[in-house]
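>>> no sequence for this one, just the structure:
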């Protein structure tokens, strides 16, 4: 399996993508990586970090441009045709790679993938599916920022795709889907969620109705469906507050020697929560609904996070997630038209 | 000063409102409380909890109905005209109370206040202003759920009102206002925030542009402005995840005797974070923009939280927050029409 890695993307590029690549090459003997970026710069660093042992399993793909974090997403696709992001996407389009991984400008990755690869049949919009850890389980948040100002049919697509992801990649037998809203009663929400509620209730999903912000971590369902604006705000708030609580606790623990001793004795517990709550353990988010496999990694990705993103790309390809989405959407459309025919008869 | 307290509202009514009332009567010698609810039931319990010492500073207002949590908000105002919520609001309308506090059905309180008291001149919609604690400061989130599917002018009103609240009640000299969005660049966001951005930038506020989810707790501004749907999801997510992290940590700390000893030695740190992060310390949220003073307390309010909600009601009346809003809106409208005239000339 060939995976294209955007080596120029992310806050710590090219080092972290390259170190992540080495980790993934070690862990998954069946993958080949296409390392996409400025060849001179990245090859030298790759060899320096000990990449030479994998010389048969990497190819360098030279590009001359990089999408900056303040570039406009859609403009970047048009104006930087030789960016590492666009090149990764084209490698997938041309069948030279089975999947791509980028920790670069999220909007640019979404735009390039949508414009160059298009969405799968029956899917109106792609959505970013992010796995979020809680104490006892993980849940999937979709969309966490691909598509702003979504409409109800987009949310229906997310629900169907999210269920497939949860089943195939997270191994949940009958994933329970919730619609993120501001009250659990059916009629609570904004115009978007009220309309989406009706669609989701009729879609043959294991739909548990509306879920609220406090259900996310206290009583999580398997798949949480929402508009990309809301999902992005929730995701970033969640990341930030978990970090803030731990940081706050650390300052309190440092206030006197007895607390410091206590913290030292209990350090395993802190480490364990920090580790389990860290996005690094979960790596990249799958951009679901694209005709291709595209993983969006966190901008601040560590080598471990990049390695995990590559793992997810590999799993998504192996499990053939896209084919399952196409089949499920076809089934859904057939059921829809049967219902329409029946109601007309 | 007279404050109407909905004794029937909240998950632990009437006990917690009554205990909160006693605490507030002790703490603030200048207030009189109108205890609104089923008189037989609440009077007996009030005396039992030692309320008799305040016999001169309480009045019981008998009502026969209670808004249930699954009642429709607007319907509840029309159909339960003698509910404790509607009665509290009418006491303010009739000038018999200076402010009201309720931990009952939030939607019903918003609906009753909006229908019966109306909004202040120049304010298109009321917004719930919630104070949220972070490690080093507090910030104000407005709207945290009064008004769903808001438009840009509503957000402008929130920004102006939030600045006044922050200055007058939280004593921030020149409050910095941020617009909750999904990227810090001006052009990032959904249709609502993009339009609101322009209005906020021209309003003569100390506007710092877009803020993202991770700025909320890591790099907070003083006032965060957003649509009520988004604000409600963020607030509930934030409450839930802080609790979840602490809970998670507790289970990890209990895994072996050494960690348990460590946790015991460091218990002061945990307690301190728990206390500072708790909504109880901050009490109720002010429904800003209503022609009257209305405090919405958390459904799960403890007696302490109710006491704090009463404190906020008292401060809002003392600081004359509503008059300041009216003046500020008048100034804003005048500036607007001068600008329009100037651009026409």
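Arrived safely. In this text the structure is predicted, and so the values were computed from the model without any measurement.

>>> tell me, how many residues neighbour the closest residue to residue A:247 other than its chain neighbours?
Setting aside the residues directly before and after it, residue A:247 is nearest to residue B:135 in space (Cβ to Cβ, 6 or more residues apart in numbering or on different chains), at 6.6 Å. C-beta here means a position set from N, CA and C on the backbone, and glycine is covered the same way. Neighbours of residue B:135 under the rule other Cβ atoms under 10 Å in any protein chain shown: 18.

>>> for residue B:135, give me its contacts.
Under the criterion of Cβ atoms under 8 Å, 6 or more residues apart in numbering or on different chains, the neighbours of residue B:135 are A:244, A:247-248, A:251, B:217.

>>> how about it, phi and psi?
Its backbone dihedrals place residue B:135 at phi -60, psi -50, with angles given as degrees, to the nearest 10.

>>> check it and give its pLDDT.
At residue B:135 the predicted local distance difference test score is 81.

>>> how far away is it from residue B:196?
In this structure, residue B:135 lies at 28 Å from residue B:196, with Cβ to Cβ, to the nearest Å as the measure.

>>> same question for residue A:34.
For residue A:34, the distance to residue B:196 under the criterion Cβ to Cβ works out to 43 Å.

>>> neighbour count: the two, which is higher?
Just comparing residue A:34 and residue B:196: by other Cβ under 10 Å the higher neighbour count belongs to residue B:196, 28 against 21.

>>> the nearest residue to residue A:24 once chain neighbours are set aside sits in which helix or strand?
With Cβ to Cβ, 6+ apart as the criterion, residue A:24 has its nearest non-adjacent residue at 4.0 Å, and that residue is residue A:310. Assigning secondary structure by DSSP states H and E places residue A:310 in helix A:303-318.

>>> ok, and what's touching that helix?
Identification of contacts with helix A:303-318 by Cβ under 8 Å, 6+ apart yields A:1, A:3, A:5, A:10, A:16-17, A:19-24, A:27-28, A:30-31, A:33, A:98-101, A:103, A:169, A:279-284, A:286, A:293, A:295, A:297-298, A:301, A:322.

>>> which ones among those lie within strands?
Filtering the contacts of helix A:303-318 for membership in strands, criterion DSSP state E, returns A:3, A:5, A:33, A:99-101, A:286, A:293, A:295.

>>> just the buried residues out of those, in ChimeraX syntax.
ChimeraX command restricting the ones in strands among the contacts of helix A:303-318 to the buried ones, with burial defined by 16 or more other Cβ atoms under 10 Å in any protein chain shown:
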select /A:3,5,33,99,100,101,286,293,295
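
>>> can you give me the helices for the stretch 101-250 of chain A?
Ranges of helices within the stretch 101-250 of chain A are A:106-112, A:152-168, A:191-201, A:213-218, A:228-253, based on DSSP state H, counting those that start in this stretch.

>>> does the next helix or strand after the longest one reach chain B?
Looking back up the chat, that one is helix A:228-253. Per DSSP H and E, the first helix or strand lying C-terminal to helix A:228-253 is helix A:257-265. Yes: in this structure, helix A:257-265 sits against chain B according to Cβ under 8 Å from any Cβ of the partner chain; the contacting residues are A:258-259, A:261-265.

>>> among these, name the buried ones.
A:259, A:262-263, A:265.

>>> could you export those to JSON lines, including columns for pLDDT?
Putting those into JSON lines (pLDDT from 0 to 100) gives the following:
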{"residue": "A:259", "pLDDT": "89"}
{"residue": "A:262", "pLDDT": "89"}
{"residue": "A:263", "pLDDT": "88"}
{"residue": "A:265", "pLDDT": "90"}
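
>>> would JSON lines of these with distance to residue B:53 be doable?
What follows is those, written out as JSON lines (distance: Cβ to Cβ, whole Å):
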{"residue": "A:259", "distance to residue B:53": "40"}
{"residue": "A:262", "distance to residue B:53": "42"}
{"residue": "A:263", "distance to residue B:53": "45"}
{"residue": "A:265", "distance to residue B:53": "47"}
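
>>> just give me the closest of those to residue B:330.
Distances from residue B:330 to these, taken as Cβ to Cβ, are shortest for residue A:259 (52.7 Å).

>>> wait, the closest one touches residue B:263, no?
No: counting by Cβ atoms under 8 Å, no contact exists between residue A:259 and residue B:263, whose distance comes to 10.5 Å.

>>> between the helix holding residue A:310 and strand A:2-6, how big is the angle?
140 degrees (axes from the mean of the first three to the mean of the last three Cα atoms, to 10 degrees).

>>> re earlier: most tightly packed of the helices of the stretch 101-250 of chain A?
Burial of the helices of the stretch 101-250 of chain A is given as mean neighbour count (mean count of other Cβ atoms under 10 Å in any protein chain shown); helix A:106-112 ranks first at a mean of 26.

>>> list the contacts of that helix.
Residues outside helix A:106-112 that contact it (Cβ under 8 Å, 6+ apart) are A:9, A:67, A:71, A:73-74, A:76-77, A:83, A:85-86, A:89, A:102, A:126, A:128, A:145-147, A:287, A:294, A:296, A:299, B:183.

>>> average pLDDT across it?
Averaging the model's pLDDT scores along helix A:106-112 yields 95.

>>> from the chain's centroid, how far away is that helix?
On the basis of Cα atoms, centre = their mean, to the nearest Å, helix A:106-112 is displaced by 12 Å from the centre of the chain it belongs to.
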